[in-house]
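Asks: when you get a sec, could you give me coordinates for this:
(chains A, B, C and D)
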2 protein chains.
Amino acid sequence: MKARAPAAIVKKRGVTIHAVARQAGVSISTVSRIINGSAYVAEDKRRAVEAAMQALGFQPNYLAKTLMTGRSMSIGVIAEDIVSPHYADVIRGIEHALLDTPYNPVVNSGHWSRTYETRAIETQIYRHVDGLLLLGSTLPDDALLDVASRVPLVMFGRVVPGLEAHCLSMDQRRGAYLATRHLIELGHRAIVHLGGPALQQDALERRHGYRQALLDNDLPVRPDLELTGDFIEQPAYQALLHLLETRVPFTAVFAANDQMAAGARLALHRKGLRVPDDVSLVGFDDVPASAYTIPPLTTVRQPTYHIGQGLATHLLNVVQGRPSQLPAFELSLVIRESTRVLR
Amino acid sequence: MKARAPAAIVKKRGVTIHAVARQAGVSISTVSRIINGSAYVAEDKRRAVEAAMQALGFQPNYLAKTLMTGRSMSIGVIAEDIVSPHYADVIRGIEHALLDTPYNPVVNSGHWSRTYETRAIETQIYRHVDGLLLLGSTLPDDALLDVASRVPLVMFGRVVPGLEAHCLSMDQRRGAYLATRHLIELGHRAIVHLGGPALQQDALERRHGYRQALLDNDLPVRPDLELTGDFIEQPAYQALLHLLETRVPFTAVFAANDQMAAGARLALHRKGLRVPDDVSLVGFDDVPASAYTIPPLTTVRQPTYHIGQGLATHLLNVVQGRPSQLPAFELSLVIRESTRVLR
DNA sequence: CTGTTAGCGCCTTCAC
DNA sequence: GTGAAGGCGCTAACAG
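Replies: Numbers count the residues shown, from 1 in each chain, chains lettered A, B, ... in the order given. Reported below is the predicted structural model:
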């Protein structure tokens, strides 16, 4: 007579294929075959097994299955920050693309931190995701190459040498160029650039585009008009407020993303300046909310939802060994009502 | 001599405890004991094993481990919609609370659909999450009770009879009451309510609160001032635009969430009405962006980030068998600049 | 077509 | 303290 663990700790064992097999009077392999459709099974046995599964409420054990097959039918998604509306919209596209497939997304944030991002990646790999989708990354190239050697990897917003075929990145520089040129065409000459984090790749590209547009139009690149933010509202608000207080004259602002544009917008409001009558304002990303700001924001559109779909579809193809190519997406200037001709 | 599968399909086997054991000259049980600290092991063997693990880059197999122990060290999080800024902020709180624990969040969207939500829940359970956190739910009470019988469940934004101790829900009615009363105190008498989906519980509660405030102040409940939206901008915009075109007079709008307030704001703008000079506007939720609208939005604040932390902490306690109680949170009216005294 | 037989990588008694 | 042996639930050859 064996001593048993206290009842409270006894593992609740589920019903297994053994139980189903016994109930249906067949062997476990037959049950397995029916579950996975991996071979033809006589009609009568199939029915018996199906009835047994039904009656017992059988559910195959995911862990045992994955342990055997090596496939978990899940796709890891790690965004710098789930909360950012920009990434959120990409995630929406990914989720929708996966909805009608047997794969499930598993999403986490990297919190803009190498430590946390690394941990998230390791955890996902540890959990045996079949593929990994990185939306932005703070990790160095070699770390990403290492990750790619361990699991199929597709990246957004970053081009890693050696992984080009699986990196989707749009021409940020061109987007910024379009935005800045738009302002110049409206007659603006003193254009503030509210840039993103000093080391972030997209932020750098956008700054380049801004400068290039100035240069191409014989306008000076003025350090006093280049501000640095953090892709969120508050620091942008502060930075622009500070600039306004120094009384450096300008007539337009190009913010490196929509959230910073919102911060800038409020700073202008605080100083009694109207958009677009006193100052024109352009953002970047076209997050969903930007169509509803007052006035609706002129911005550079990244088709984030479709990008998400494209990323997911491509990764799925790769995971399943199908030939695939990442689709190309274009940045475009969406002219709404926050910009106008300089009077 | 056995035939082997083609090299290309050969599973890349990782290094297992067997390899470590061999390398260290001990048995696999000893290795297991060291990994889990489940028993004392002689110092020299411990060192040998640790060296071997290091040298081989050993990583325990999550699936095998979970298959044995029944614990996956993961917490499922299912939000109606990850993309909604409201839920996103709750998720942020959850992620942060879990950061310093051995548990990892696994987040998915229910897409405001019973089908998808059910699928997400089943998938998570199938993946053996140790606990489940539902942020909103479209499922009927009995379905949720059933889920709770299979896995530790904590809910936000919904009170399920029989699960009260694990349901966190704030007094939506009171929040709406505060908002409406604020408008009334400012002198408004014709107050439009831009409500949420007709069947959604929070939406209903908020509508009740709105009506109650009117009644308590001897103001009539007027069906022509009650609009229905969908918790997003576009339908709200349309609805209010339509109302404005029917020329029903009103001086204030109470929207059932901030996103609808943004839609309403644009409709007013389109008709040349200024906020708050011509019309006062109040929202609900206080999503991060609302502090940066023009003018900054008066709204009912739900401390979403802290709620997320509270939910996660409680669930963790439950999962680990510690006594725990869900913290209580208060709704509060944040008065910013979108409301003013009726002239 | 179907049953038998090995494992997948790990944890956990059970003897020593 | 430590090793051997037996599963966890399932898939995948291998023989019939």
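Asks: quick one, helices of the stretch 151-300 of chain A?
Replies: Remark: helices assigned in the stretch 151-300 of chain A by DSSP state H, counting those that start in this stretch are A:172-185, A:201-216, A:233-246, A:258-270.
Asks: who wins for proximity to A:Ser27 among those helices?
Replies: In terms of C-beta to C-beta, the element of these nearest to A:Ser27 is helix A:201-216, at 56.9 Å. For glycine as for every other residue, the C-beta is placed from the backbone atoms N, C-alpha and C.
Asks: who are the packing partners of the closest one?
Replies: When contacts are defined as 3 or more C-beta pairs under 8 Å, 6 or more residues apart in numbering or on different chains; DSSP states H and E, helix A:201-216 packs onto helix A:172-185, strand A:191-195.
Asks: pull the contacting residues for the residue in the stretch 151-300 of chain A that DNA strand C sits nearest to.
Replies: DNA strand C sits closest to A:Val151 of the stretch 151-300 of chain A, with a gap of 15.7 Å, by C-beta to the nearest atom of the strand. By C-beta atoms under 8 Å, 6 or more residues apart in numbering or on different chains, the residues touching A:Val151 are A:76, A:125, A:129-132.
Asks: how about 10 Å then?
Replies: If you count contacts by C-beta atoms under 10 Å, 6 or more residues apart in numbering or on different chains, A:Val151 has them with A:76, A:121, A:124-125, A:128-132, A:319.
Asks: among the residues you listed, which pair sits farthest apart?
Replies: Across those, no pair lies farther apart than A:Ile121 and A:Val319, at 16.6 Å, counting by C-beta to C-beta.
Asks: help me confirm that A:Ala24 comes into contact with A:Ala42.
Replies: No - between A:Ala24 and A:Ala42 there is no contact under C-beta atoms under 10 Å: 11.8 Å.
Asks: re earlier: gap between the residue of the stretch 151-300 of chain A closest to DNA strand C and A:Gln124?
Replies: Using C-beta to C-beta, to the nearest Å, one gets 8 Å for the distance from A:Val151 to A:Gln124.
Asks: list residues touching both of these two?
Replies: Shared contacts of A:Val151 and A:Gln124 (C-beta under 10 Å, 6+ apart): A:76, A:131-132.
Asks: put the buried members of the residues you listed into a PyMOL selection.
Replies: Applying 16 or more other C-beta atoms under 10 Å in any protein chain shown to these, the buried members can be selected in PyMOL as follows:
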select buried, chain A and resi 76+131+132
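Asks: tell me the one of the shared contacts of A:Val151 and A:Gln124 nearest B:Asp216?
Replies: Nearest to B:Asp216 among those, counting by C-beta to C-beta, is A:Gly76 at 51.8 Å.
Asks: what is the burial count for A:Gly37?
Replies: Counted with other C-beta atoms under 10 Å in any protein chain shown, the neighbours of A:Gly37 add up to 8.
Asks: run through the stretch 1-150 of chain A and note the low-pLDDT ranges.
Replies: For the stretch 1-150 of chain A, applying pLDDT under 70 flags the ranges A:1-13.
Asks: flag every residue of it that's near DNA strand D.
Replies: Residues of the stretch 1-150 of chain A lying near DNA strand D by C-beta under 7 Å from any atom of the strand: A:13-14, A:16-18, A:28-29, A:32, A:35-36, A:38, A:58-61, A:64-65, A:67-69.
Asks: apply 6 Å and report the result again.
Replies: The stretch 1-150 of chain A has residues A:13-14, A:16-17, A:28-29, A:32, A:35-36, A:38, A:60-61, A:64-65, A:67-69 near DNA strand D, with proximity defined as C-beta under 6 Å from any atom of the strand.
Asks: how about the residues of chain A near DNA strand C?
Replies: Within chain A, the positions near DNA strand C by C-beta under 6 Å from any atom of the strand are A:2, A:26-30, A:39-42, A:45, A:67-68.
Asks: give me the buried entries from those.
Replies: A:26, A:30, A:41, A:45, A:67.
Asks: quick one: these as JSON lines, columns for secondary structure too.
Replies: What follows is those, written out as JSON lines (DSSP: H, G, I helix; E, B strand; the rest coil):
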{"residue": "A:Val26", "secondary structure": "coil"}
{"residue": "A:Thr30", "secondary structure": "helix"}
{"residue": "A:Val41", "secondary structure": "coil"}
{"residue": "A:Lys45", "secondary structure": "helix"}
{"residue": "A:Leu67", "secondary structure": "helix"}
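Asks: now the two most distant members of the residues you listed.
Replies: For those, the farthest-apart pair by C-beta to C-beta is A:Lys45 and A:Leu67; their separation is 26.4 Å.
Asks: please identify which of A:Ile121 and A:Val319 sits among more neighbours.
Replies: Neighbours per residue, other C-beta under 10 Å: of A:Ile121 and A:Val319, the larger number sits with A:Ile121, 26 against 20.
Asks: show me which positions of stretch A:168-186 end up buried.
Replies: For stretch A:168-186, the neighbour count (16+ other C-beta under 10 Å) marks A:168-170, A:172-184, A:186 as buried.
Asks: how close does the closest residue to A:His269 other than its chain neighbours get to B:Val275?
Replies: Take A:His269 and drop its neighbours on the chain: the residue closest to it by C-beta to C-beta, 6 or more residues apart in numbering or on different chains is B:Ile294, 5.2 Å away. B:Ile294 is 9 Å from B:Val275, where distance means C-beta to C-beta.
Asks: between these two, who's got more neighbours?
Replies: Per other C-beta under 10 Å, whichever of B:Ile294 and B:Val275 has more neighbours is B:Val275, with 25 against 21.
Asks: could you pull up the residues touching that one?
Replies: A:294, B:252-253, B:261, B:264-265, B:268-269, B:281, B:293-295, B:297-298, B:337-340.
Asks: now the strands for chain A?
Replies: A:74-79, A:104-109, A:131-135, A:153-156, A:167-168, A:191-195, A:226-228, A:252-255, A:280-285, A:298-301, A:332-334 (DSSP state E).
Asks: the residue lying closest to A:Thr313 once chain neighbours are set aside - how many residues pack around it?
Replies: Computed as C-beta to C-beta, 6+ apart, the closest residue to A:Thr313 that is not its neighbour in sequence is A:Ala97, at 5.5 Å. Neighbours of A:Ala97 under the rule other C-beta under 10 Å: 23.
Asks: what sits against A:Ala97?
Replies: Taking C-beta under 10 Å, 6+ apart as the test, what A:Ala97 contacts is A:75, A:103, A:105, A:305-306, A:308-316.
Asks: around chain B, pick out the residues from the stretch 201-343 of chain A.
Replies: A:232-234, A:236-237, A:258-259, A:261-270, A:274-275, A:287-296, A:305, A:321, A:337 (C-beta under 10 Å from any C-beta of the partner chain).
Asks: now, of the residues you listed, which are buried?
Replies: Buried among these by 16+ other C-beta under 10 Å: A:232-234, A:236-237, A:258-259, A:261-269, A:275, A:287-296, A:305.
Asks: out of these, who's near DNA strand D?
Replies: Of those, not one also sits near DNA strand D (C-beta under 6 Å from any atom of the strand).
Asks: list the contacts of whichever residue of chain A sits closest to DNA strand C.
Replies: Closest residue of chain A to DNA strand C, C-beta to the nearest atom of the strand: A:Ala42 (2.9 Å). The contact partners of A:Ala42, by C-beta under 10 Å, 6+ apart, come to A:26, A:30, A:48.
Asks: which one of those residues is nearest DNA strand D?
Replies: Using C-beta to the nearest atom of the strand, A:Thr30 comes nearest to DNA strand D of these, at 8.9 Å.
Asks: what about the residue nearest to A:Lys271 when sequence neighbours are not counted, distance to A:Pro296?
Replies: With C-beta to C-beta, 6+ apart as the measure, A:Leu244 is the residue that lies nearest to A:Lys271, at 4.9 Å, once sequence neighbours are left out. Here the criterion is C-beta to C-beta. By it, A:Leu244 lies 23 Å from A:Pro296.
Asks: so what's the residue count around the closest residue to A:Pro235 other than its chain neighbours?
Replies: Excluding its sequence neighbours, the residue lying closest to A:Pro235 (C-beta to C-beta, 6+ apart) is A:Gly229, at 4.8 Å. Other residues near A:Gly229 number 26, with proximity taken as other C-beta under 10 Å.
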